[in-house]
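> Model the following, please.
(one chain, ligands or ions: 1)
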Amino acid sequence: MDTPVGVWNYVRGFENLSLCDWPGRATCIIFLGGCNLHCPTCHNHELAWDMQSLPAIDKTRITSYLRDRAGWLDGVTITGGEPTLVPALGELLMEIRKVGLPIKIDTNGMRPDIVAELLECNLADVFAVDVKGPYAKYPALTGHAVSEIAAKANLERIFRIAQAKPEAFYFRTTQVPGLTDSDIETAQSYLPLDYELKIQQYVPPRRKTEHAQSDHETRRPVGNVVN
Ligand code: SF4
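Next up, the predicted model:
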């Protein structure tokens, strides 16, 4: 395989079918390496902080799969790591648009300008945004990668974007150790009216030898790389 370039160098995982990632849809999932946070509960630490330790997925395998299976899929999920960090992300999204599939992007919400830009360019249909907990707990929840002030500013910008386009967002929290029911209520209170915070149960990571890899805190094995 040639050395991947551009956005394809960040594609470090591919799951060919998921029935639970995007509620109500059968999707495939593309995993992109790199993250701007350092959450101590991350299941995806290799992907987030050491993507070079994972093999890159060949572009043609993904584009062929999308072309051949587009009629059987209801969409594509882009997850990480943090997809909004990836340079030339639009190139990958345009490949998906070529086969006419809707796109969901998972994000920690810390790059709202990129979220707004992707929506404006019609390169994404839905964003699943993590609201990790009360703003005051963001430093602890993110390995001190984000201050309380920055978390509040970024998420409030995301909420304003969501108010203008409510069908394009949903919000979720993983109840990681140390996050209380009261914290979850606080996180819920940040959301614009009519949004319900989706609560995900935290599952402790498995041993490294099991190749655990998941979207954000919730375990999701990669396994099914297209061959
Ligand atoms: S949990 Fe998500 S946001 Fe946090 S470090 Fe891992 S991939 Fe990044």
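> Quick check: residues of this protein near the ligand?
When proximity is defined by CB under 6 Å from any ligand atom, the chain lies next to the ligand at 35, 37-39, 42, 44, 48, 80-82, 108, 216-217. Every residue, glycine included, has its C-beta placed from N, CA and C.
> So which of those residues are in helices?
Counting by DSSP state H, those place residue 48 in helices.
> possible to save the residues of the chain next to the ligand as TSV with distance to residue 149, pLDDT and neighbour count?
Below are the residues of the chain next to the ligand laid out as TSV (distance: CB to CB, whole Å; pLDDT from 0 to 100; neighbours: other CB atoms under 10 Å):
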residue	distance to residue 149	pLDDT	neighbour count
35	20	98	24
37	16	98	21
38	18	96	14
39	18	96	24
42	23	94	21
44	26	88	28
48	23	96	21
80	24	95	28
81	24	95	29
82	20	98	26
108	16	98	26
216	22	49	27
217	23	49	23
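> Any idea what residue 28 is bridged to?
residue 76 (DSSP bridges).
> so where's the longest helix in the protein?
Counting by DSSP H, the longest helix found in the chain is helix 148-164.
> which residues touch the residue sitting nearest the centre point of the chain?
With distances taken as CA atoms, centre = their mean, the residue of the chain nearest its centroid is residue 106 (2.4 Å). Counting by CB atoms under 8 Å, 6 or more residues apart in numbering, residue 106 touches 77-80, 83, 127-128, 130, 215-216.
> ok now the longest helix of the chain, how far from the chain's centre?
When distances are taken as CA atoms, centre = their mean, to the nearest Å, helix 148-164 is centred 17 Å away from the chain's centroid.
> Quick check: what element follows it along the chain?
Per DSSP states H and E, helix 148-164 leads on to strand 169-175 as the next helix or strand towards the C-terminus.
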